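> here's a sequence, model it:
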Amino acid sequence: MASPEVELSILMPVYNERATVEQAIDAVLGAGPAASYELIVIDDGSSDATPDVLASFRDSRLRVERQPPAGLTRALNRARGLARAPLLARLDADDLALPERLARQRAFLDSHPEVGLLGTGAREVDASGREVGIMSPPEGDAALRRALIRENPFVHSSVMMRRSALEQAGGYDETLSVAQDYDLWMRVSRLSRLANVPEPLVIRRLLPGRVSESREDDRLRAEARIRWRAVRRGDYPAWCAIHALRPALVLALPPSFRRMLRRRRGG
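Modelled structure (predicted):
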């Protein structure tokens, strides 16, 4: 049962991110009144100086739990189990929440009780901090549902959701080591309406070695599986199975050709 004095729980799994986690935590702790939220950090067996960075904080809103390496999906579910608030937000340890992010999303959810999953736009920066792009995802429920079968229209690090929707959906699927967020959004879409705040309220750092780059083949296979399940459940008409085939077709392309396509898209 949610503790009434904690209105929002922010979930942040961490693994070997000593270079970025301090700034990410500082941005969250400076964003609102002390008693209204908690930041739950799961250190997933870091072997660098990340534990020392986490131990340097002295703030009652920060809860740090260390575990043997279990992977992002299990770390997310552990953070979910520890959360006390009716609203849950996500932030990666290598990304930044802008100061107004949490307040803007909470106000939106307060005025839209039918929405269970809310993301935002994002600024993308490279390792030097130079802005390289703006992510402006679809905003309304209908547009998001049309997009969801084709791609992931939410920035995971920007999402705020109602705990009730997450629990009813069953949490993150621990059989998936990548695309676990995409799979969850697909299941939450069966239970509530979806929305995005269009403005970029998070900064997404495109650092070397992000999961989206280093495990692309795994991600493509997972996306095909997730889309096919949605069609089989009847969430989308049968012709939408073509969207489940797209990742398989991309997998058949040589890696050099895929890199060229990403560059042409600006990704």
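
> ok, and for stretch 186-195, which residues are buried?
Buried positions in stretch 186-195, judged by neighbour count with 16 or more other CB atoms under 10 Å: Met186, Arg187, Val188, Ser189, Ser192, Arg193, Leu194, Ala195. Where C-beta positions appear, they are placed from N, C-alpha and C, glycine not excepted.

> which helices and strands does the one helix or strand the first one maps to pack with?
To tie it back to what came earlier, the one meant is Met186. Using DSSP states H and E, Met186 sits within helix 180-188. For helix 180-188, the elements it packs on are helix 72-82, strand 115-125, helix 163-169, helix 216-232, judged by 3 or more CB pairs under 8 Å, 6 or more residues apart in numbering; DSSP states H and E.

> list the buried residues of the first one.
Put plainly, it is helix 72-82. Buried, per 16+ other CB under 10 Å, within helix 72-82: Leu72, Thr73, Arg74, Ala75, Leu76, Asn77, Arg78, Ala79, Arg80.

> make TSV out of those residues and add pLDDT.
Listed next are the buried residues of helix 72-82 as TSV, based on pLDDT from 0 to 100:
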residue	pLDDT
Leu72	96
Thr73	97
Arg74	98
Ala75	98
Leu76	98
Asn77	98
Arg78	98
Ala79	98
Arg80	97
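
> average pLDDT for the helix holding Met186?
Across helix 180-188, pLDDT averages out at 98.

> deepest-packed of the helices and strands packed on helix 180-188, please.
Most buried of the helices and strands packed on helix 180-188 by mean neighbour count (mean count of other CB atoms under 10 Å) is strand 115-125; its value is a mean of 23.

> which elements pack onto that one?
For strand 115-125, the packing partners by 3+ CB pairs under 8 Å, 6+ apart are helix 101-111, strand 131-135, strand 160-162, helix 163-169, helix 180-188, strand 193-205.

> rerun that using 6 Å as the cut-off
helix 101-111, strand 131-135, strand 160-162, strand 193-205 (3 or more CB pairs under 6 Å, 6 or more residues apart in numbering; DSSP states H and E).

> can you tell me which of these is packed in deepest?
By mean count of other CB under 10 Å, these have strand 160-162 as the most buried, with a mean of 23.

> pLDDT of it, averaged?
98.

> and that strand, which strands flank it?
The strands that strand 160-162 pairs with in its sheet are strand 87-90 (antiparallel), strand 115-125 (antiparallel) (by DSSP bridges).

> could I get those as CSV with mean pLDDT and distance to Glu199?
Compiled in CSV, those are given as follows (pLDDT from 0 to 100; distance: least, CB to CB, whole Å):
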stretch, mean pLDDT, distance to Glu199
strand 87-90, 98, 16
strand 115-125, 97, 5
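
> which one of the buried residues of helix 72-82 is nearest to Asp44?
Closest to Asp44 out of these is Ala75 (4.6 Å), distances taken as CB to CB.

> my guess is that closest one contacts Ile42. True?
Yes - between Ala75 and Ile42 there is a contact under CB atoms under 6 Å: 4.3 Å.

> now do the shared contacts for those two.
Residues touching both Ala75 and Ile42 (CB atoms under 6 Å, 6 or more residues apart in numbering): Pro13.

> need the helices and strands packed on helix 180-188 in TSV with distance to Met135, can you?
Output for the helices and strands packed on helix 180-188, formatted as TSV (distance: least, CB to CB, whole Å):
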stretch	distance to Met135
helix 72-82	20
strand 115-125	4
helix 163-169	23
helix 216-232	17
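
> redo the helices and strands packed on strand 115-125 as TSV? Include distance to Ala147.
Shown next, in TSV, are these (distance: least, CB to CB, whole Å):
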stretch	distance to Ala147
helix 101-111	19
strand 131-135	13
strand 160-162	18
strand 193-205	10
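
> which of the buried residues of stretch 186-195 sits closest to Ser56?
Closest to Ser56 out of those is Val188 (35.5 Å), distances taken as CB to CB.

> measure the closest one to Glu167 for me?
10 Å (CB to CB, to the nearest Å).
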